[in-house]
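Student: Prediction below, plus the sequence it came from.
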Amino acid sequence: MELFTKPSAIETFYEAVMFEMLSYEFMQRALIASVVIGLVCSIIGVFVILKNLTFIGAGTSHAAFGGVTLGYLIGFSPLYLAILFSLVTVWVVGYLSRKGYLKLDASVGIFYSLTMALAVLFIGLMKAYNAEIYGYLFGSILSVTNMDMKIILILGAIVLLIVYLFFKEFHFITFDEEMATASGIPTGWLSFLLLNMIALTIVISLKSVGAILVFALIVTPAAAAYQLTYSMIRMFLYSALIGVGSSVAGVVLSYWLDLPSGATTVLFVSAVFFLTVIFSPKRRPVFSLR
Amino acid sequence: MKNDVIIRFSHATIAYQQRTALEDISLEIRQGEFVGIIGPNGSGKTTLLKSILGLICPDTGSVQIFDCACHKLRCHHKAKIGYIPQKGQIDPNFPVTVMETVMMGRYSSIGLLRRPAKRDRELVLNALKEVEMDGYRDTPLGHLSGGQQQRVMIARALAQQPEVLLMDEPTTGIDTPTQQSMIHLISDLHRNLALTVLLVTHDVNMISPHVDRLALLKARLFAVGPPAEVLSEKTLSEIYGKQVIVTTQEGGTYVIIGDYHHV
């Protein structure tokens, strides 16, 4: 009889989420931010995965962290400097690769360590220990302020709008850039625009997911979606569902179980990825796939 | 219409990856012609096609396409050139369906910030019908055989409603009966749609019965003209550096080249 009187785990969870969690303003902000970030990261992630730009994602997030540390050192907006650092990184590596001076991966590698070296230097130059900086490294979605929310919403909307407007061109460039150029698509500035969107995506996710973990939120949902379909349109859809779902699940679980939000989100999305690898219909010819 | 020059190379020397790939090329392609470009590997065949696409421009001399210099080739010009790259440059695992692939051929004409309309979908379906692949519109590209994938790539080029079709080794990596049906398809498209076709291949015997002219390349243009003129034992041995036998059977000219590895 005791079983009936004791609330089940689901009931406890429901109460914690519906009543307690949503009653906090910071949790409302965290949930909205996680939906936007999950969506933007997973959409951009499809291009990153299909165009083999995974390393540029990692490099740019570390560059953005370099910008954050400089901001704290000189007392200027860490976010603006993060935007500047990550954009300059994609501009330079994009330029070097387009001109054929150096392969994209190699120049990203240089910037990856250069900006991290700068970050270590800037932290070393600071007089006092600053815990907020480590928030940018490992992510803390609960510390998202109203100002951060505005920036996440505005930049997120810009990225999604650009992807929507140039979707068919990005689609073609991702499939085969040379063929797209040959058929008259202005691939030069469009590829550059895509790199800039990757940089902006990283910047908006920096505070909530962290420079080290943001990369997973970009790559993993798209990589999971890649296991599930042969249609690019569906891949976007699945990636967005996995990205948003994991992002929200990460926040809810981290609140419920009192775990770090960034790490919980990444562990959750990684678990989804491994499930898609195991149950991928691509490796089961019985299923008909589209 | 057959006499209008649509592509003109005038003493063009073109470098590709810091190496002179083509030297002093002078060649005129007339509208509606079917020209086969032959030569051993590394002879600059692909570079020739890429210069017509405006992807690589000459260092000296000039390449004119639709009376437009190579480096000034604008998007609307490019849309009139359908390009079928060498197979193998297509990632078979890329998540894209046949319909999505062929629709890409319309993107340039649709223009920026616009979505495909009903007419674009009709053109895509017509292009798929032309290559007899309309039953596969929702099939993933990676699920098709090499020959079928090549047909889809031709459909993608046709969806551009091109005036010129450039093909880079369209029959490489597919079995012989499929190669034959492919070459007949290309020949039919050339005739029925009045297309100017430039086809790069190393398989002389397969295309010589179908083409108006053959261009024999090995960095320089060694010979150009009707197959019967170009396919001489003397010229071919000079190019391939091996013994070459040219024989005539049932009205066609056939070439047997010695064990030149890269032919």
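Tutor: Great, that's in hand.

Student: which SS state does the residue in the stretch 51-200 of chain A positioned nearest to chain B fall under?
Tutor: Of all residues in the stretch 51-200 of chain A, A:Gly184 sits closest to chain B, at 3.4 Å by CB to the nearest CB. (Glycine included, C-beta is placed from N, CA and C.) Local secondary structure at A:Gly184 is given as coil here, using DSSP: H, G, I helix; E, B strand; the rest coil.

Student: Which residues are in contact with it?
Tutor: Listed by CB atoms under 8 Å, 6 or more residues apart in numbering or on different chains, the contact partners of A:Gly184 are B:74-79, B:108.

Student: List the backbone torsions phi and psi for it.
Tutor: phi 100, psi 10 (degrees, to the nearest 10).

Student: now swap in B:Val244 and tell me
Tutor: Per degrees, to the nearest 10, the backbone of B:Val244 is at phi -130, psi 140.

Student: does it really touch B:Tyr254, like I thought?
Tutor: No - using CB atoms under 8 Å, B:Val244 makes no contact with B:Tyr254, being 11.0 Å away.

Student: Of these two, give the one with the bigger neighbour count.
Tutor: Set side by side, B:Val244 and B:Tyr254 show more neighbours around B:Val244, with 22 against 15, by other CB atoms under 10 Å in any protein chain shown.

Student: Write down the beta-bridge partners of the more buried one, one by one.
Tutor: B:Val244 forms beta bridges with B:Ile257, as assigned by DSSP bridges.

Student: Quick check, the residue in the stretch 1-150 of chain A closest to chain B?
Tutor: Closest point on the stretch 1-150 of chain A to chain B, by CB to the nearest CB, is A:Leu50, at 6.7 Å.

Student: any idea how far B:Phe94 is from that residue?
Tutor: Per CB to CB, to the nearest Å, A:Leu50 is found 7 Å from B:Phe94.

Student: which residues do these two both contact?
Tutor: Common neighbours of A:Leu50 and B:Phe94, using CB under 8 Å, 6+ apart, are A:175, A:232.

Student: out of the two, which sits in the busier spot?
Tutor: A:Leu50 (22 against 19).

Student: Roughly how far does the closest residue to the more buried one other than its chain neighbours sit from B:Val152?
Tutor: Excluding the flanking residues, the one nearest A:Leu50 by CB to CB, 6 or more residues apart in numbering or on different chains is A:Thr174, at 4.8 Å. Plainly put, A:Thr174 is 17 Å away from B:Val152 if you go by CB to CB.

Student: The two: who's more crowded?
Tutor: Each of A:Thr174 and B:Val152 has its neighbours counted (other CB under 10 Å); B:Val152 has more, 26 against 22.

Student: mind listing what the more buried one touches?
Tutor: B:Val152 neighbours (CB under 8 Å, 6+ apart): B:98, B:101-102, B:128, B:131, B:133, B:136, B:141, B:144.

Student: how about the nearest residue to residue 78, chain neighbours excluded?
Tutor: All of this is about chain A. A:Pro78's closest residue in space is A:Gly71 (CB to CB, 6+ apart), at 3.2 Å.

Student: my question was about chain B
Tutor: A:Gly184 (3.4 Å).

Student: The residue of the stretch 101-250 of chain B found nearest chain A - nearest residue in space that isn't next to it in sequence?
Tutor: Nearest residue of the stretch 101-250 of chain B to chain A: B:Pro140, at 3.2 Å (CB to the nearest CB). Using CB to CB, 6+ apart and skipping residues adjacent in sequence, the residue nearest B:Pro140 is A:Tyr230, 3.2 Å away.

Student: Tell me how far that neighbour lies from B:Ala157.
Tutor: 22 Å.

Student: For B:Asp203, which non-adjacent residue is spatially closest?
Tutor: Excluding the flanking residues, the one nearest B:Asp203 by CB to CB, 6+ apart is B:Thr171, at 6.4 Å.

Student: related to what we said a few turns ago, quick one: contacts for the residue nearest to A:Leu50?
Tutor: A:47, A:50-51, A:232.

Student: Those in helices, which ones?
Tutor: A:47, A:50, A:232 (DSSP state H).

Student: Give me the below-cutoff pLDDT ranges for chain B.
Tutor: For chain B, residues meeting the criterion pLDDT under 70 lie at B:1-3, B:75, B:88-92, B:251, B:259-263.

Student: How about the residues of it by chain A?
Tutor: By CB under 8 Å from any CB of the partner chain, the residues of chain B that approach chain A are B:53-55, B:74-79, B:81-83, B:85, B:89-90, B:94-97, B:100-101, B:104-105, B:107-108, B:110, B:112-113, B:115-116, B:138, B:140-143, B:160.

Student: Go through the helix or strand where B:Leu236 lies and flag the buried ones.
Tutor: Element membership for B:Leu236, per DSSP states H and E: helix B:233-240. Under the neighbour-count criterion of 16 or more other CB atoms under 10 Å in any protein chain shown, helix B:233-240 has B:235-237, B:239-240 buried.

Student: rewinding a little: which ones are touching the residue of the stretch 1-150 of chain A closest to chain B?
Tutor: A:174-175, A:222, A:226, A:232, B:94-95.

Student: Now do the phi/psi pair for A:Ser183.
Tutor: When read as degrees, to the nearest 10, the backbone of A:Ser183 gives phi -90, psi 0.

Student: Could you say which helix or strand holds the closest residue to it other than its chain neighbours?
Tutor: Excluding the flanking residues, the one nearest A:Ser183 by CB to CB, 6+ apart is B:Ser108, at 4.8 Å. Using DSSP H and E, the element containing B:Ser108 is helix B:98-110.
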